[in-house]
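Q: sequence first, then the predicted structure:
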Amino acid sequence: LPARIAVLVKVKADGSKKVRLIHNLRRNGVNGRITVAERLVLPRVRDVVFGIMELFRGVEDPDEVELLALDFRDAFKQLRIHRDEKKYLSGEALNGFFVYNSVLFGVGSGPLVWGRVAARAMRATQATLGPAARVNCYVDDPIVALRGRPAQRRADVALTVVLWSVLGLRAALPKAQFDKQVVWIGAELSVATRRRAVTVRIPEDKHKEVANILARLAGGTAGAQGRVRVADLRPLAGKLSWMAGLLPQLRPFVRQLWAAMASESGLRRDTLFYKQVSPAIAWLLRFFSGREGPLERHVHLVDLELQGLLIESDASPWGGGAAAWRGVASRTNRRPPDAYVSTQWTPEDEQILGVRIGDPAGQAVWEAYMALLSIRHWVTPTVRGKIALVGDALGVWHSITRFAAKARVVNEVAKEIAMHLAPMGHDLVGI
């Protein structure tokens, strides 16, 4: 059966329009017959950042590190269709039928096939440029980090573009960025070679867009009427989920938005009670207003090489304790802790957490609470390096280090930890 064709028109920043054709192969059953036996593993921003850190280790004066970011033009259309498979990619228009010679959006195997082509091209690029470069590609958006003197970096850019051209890949050269600060897959990356540092931030336009949506939800008619439209909430949650991939401190609050939409009321209705999402929106507004520090993440080479701080905590339904070491190796070598603390739970703690002293059902909550107290006690702006947690409550540690938990109270504790760490730019590493 010929498949229907959909047309998407995207208005660019300069006012021009880009038309994209999408082949609806799900409806005519072709995609249902396609078996995709592999899954693409795409690079994340942190992969690019740690690649830059590796380049920093080999920097010699007057070397600098710069970034080349661009995209491949009409990536899928660069793939040709085998003559035996053209019959599956047919359409009907202008009183006749036609078949495609190249892959359009909508083919179930298209992303995997393109991924294989792009992966091979990136491996060839890395092999050509050598150890003074780090190459990554997110679908059709490659980014190349280059180390060296100015003339060498410019030569490597030319070599990269020529290589891709020889391989038959059409790069969108007018959109190319070659600088110490570029925007890649929506994130702004800034490289400071002298300080051996990389800054990742949300671009200003995306920051303002989300901030305006949050302010509208918090101060608009939703609060007065007591309900908010799921159609307004879902795009916001999608944007925030992407941002949380760059800034982990946003995760517990984004999780609350998705949880509200997955609730019974979210499944059966097109609106939610505003009170289901109002705490998350209030906390997110604090982030996007700058009251909890800028929405950016700084990674320094020196921090990756420092021992950092290791905290081991434990708790019972009656009290808890914690110890801290300067570095993982100190505890591994059985050195005594550099500091320790212990406490007994009080009626005030009961009231805060909503669990009773002596009740084993609240064990996970007490474990998370003790972790929060110890992090607040020892993690200060003067601490450098990674922060590691140790304990026997692995499920609790996993939830806290990911800033996400199924239990409501534990998730609230994770939020408090996120708010404490955000202004300092610290990360948690689970052990």
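A: Received the coordinates, thanks.

Q: residues near residue 171, how many?
A: Number of residues near residue 171 (other Cβ atoms under 10 Å) recorded here: 17. For the C-beta atoms, the positions are set from N, CA and C on the backbone; glycine is no exception.

Q: residues in contact with it?
A: 70-73, 161, 164-165 (Cβ atoms under 8 Å, 6 or more residues apart in numbering).

Q: with residue 338 instead?
A: Counting by Cβ under 8 Å, 6+ apart, the residues that residue 338 touches are 324-326, 330.

Q: wouldn't residue 370 be in contact with residue 318 here?
A: No. Counting by Cβ atoms under 8 Å, no contact exists between residue 370 and residue 318, whose distance comes to 11.7 Å.

Q: so the two - more neighbours on which side?
A: Per other Cβ under 10 Å, whichever of residue 370 and residue 318 has more neighbours is residue 370, with 27 against 10.

Q: remind me what the helix or strand where the more buried one lies packs against, helices and strands.
A: Using DSSP states H and E, residue 370 sits in helix 363-378. For helix 363-378, the packing partners by 3 or more Cβ pairs under 8 Å, 6 or more residues apart in numbering; DSSP states H and E come out as strand 309-315, strand 319-325, strand 339-344, helix 347-353, helix 394-401, helix 408-421.

Q: quick one: that helix to chain centroid distance?
A: Shown here is helix 363-378, whose average C-alpha point lies 26 Å from the average C-alpha point of the whole chain (Cα atoms, centre = their mean, to the nearest Å).

Q: run through who's touching it.
A: Identification of contacts with helix 363-378 by Cβ under 8 Å, 6+ apart yields 309, 311, 313-317, 320-322, 324, 339, 341, 343, 345, 349, 353, 355, 387, 389, 391, 393, 395-397, 399-400, 405, 407, 409-410, 413-414, 416-417, 420-421.

Q: and that helix, what's buried?
A: 364-375, 378 (16 or more other Cβ atoms under 10 Å).

Q: what are the buried residues along stretch 62-76?
A: Under the neighbour-count rule (16+ other Cβ under 10 Å), stretch 62-76 has 63-72, 75-76 buried.

Q: where does residue 91 fall, phi/psi-wise?
A: phi -150, psi 170 (degrees, to the nearest 10).

Q: and it, what's its pLDDT?
A: The predicted local distance difference test score for residue 91 is 78.

Q: may I ask which helix or strand encompasses the spatially most central residue of the chain?
A: When the chain is reduced to its mean C-alpha position, the closest residue under Cα atoms, centre = their mean turns out to be residue 245, at 1.7 Å. Element membership for residue 245, per DSSP H and E: helix 230-246.

Q: flag the shaky bits of the chain, pLDDT-wise.
A: Filtered on pLDDT under 70, the chain yields the residue ranges 1, 220-225, 264-269, 291-294, 328, 332, 401-406, 425-431.

Q: what's the helix ranked longest in it packed up against?
A: Of all the segments of type helix in the chain, defined by DSSP state H, the longest one is helix 110-129. Under the contact criterion of 3+ Cβ pairs under 8 Å, 6+ apart, helix 110-129 touches strand 133-138, strand 141-148, helix 150-166.

Q: which parts of it are buried?
A: Judged by neighbour count (16+ other Cβ under 10 Å), helix 110-129 contains these buried residues: 110-112, 114-115, 117-118, 121-122, 125, 129.

Q: then stretch 383-392?
A: Applying a neighbour-count criterion of 16+ other Cβ under 10 Å, one finds 383, 385-391 buried in stretch 383-392.

Q: next, format the residues you listed as JSON lines and append distance to residue 335.
A: Conversion of the buried residues of stretch 383-392 to JSON lines gives the following (distance: Cβ to Cβ, whole Å):
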{"residue": "383", "distance to residue 335": "18"}
{"residue": "385", "distance to residue 335": "17"}
{"residue": "386", "distance to residue 335": "18"}
{"residue": "387", "distance to residue 335": "18"}
{"residue": "388", "distance to residue 335": "15"}
{"residue": "389", "distance to residue 335": "18"}
{"residue": "390", "distance to residue 335": "14"}
{"residue": "391", "distance to residue 335": "18"}
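
Q: residue 94: which of those is nearest?
A: Residue 94 has its nearest neighbour among the buried residues of stretch 383-392 in residue 386, at 61.9 Å by Cβ to Cβ.

Q: just checking, that closest one touches residue 308?
A: Yes. Using Cβ under 8 Å, residue 386 makes contact with residue 308 at a distance of 4.1 Å.

Q: I'm done for today, thanks for sticking with me.
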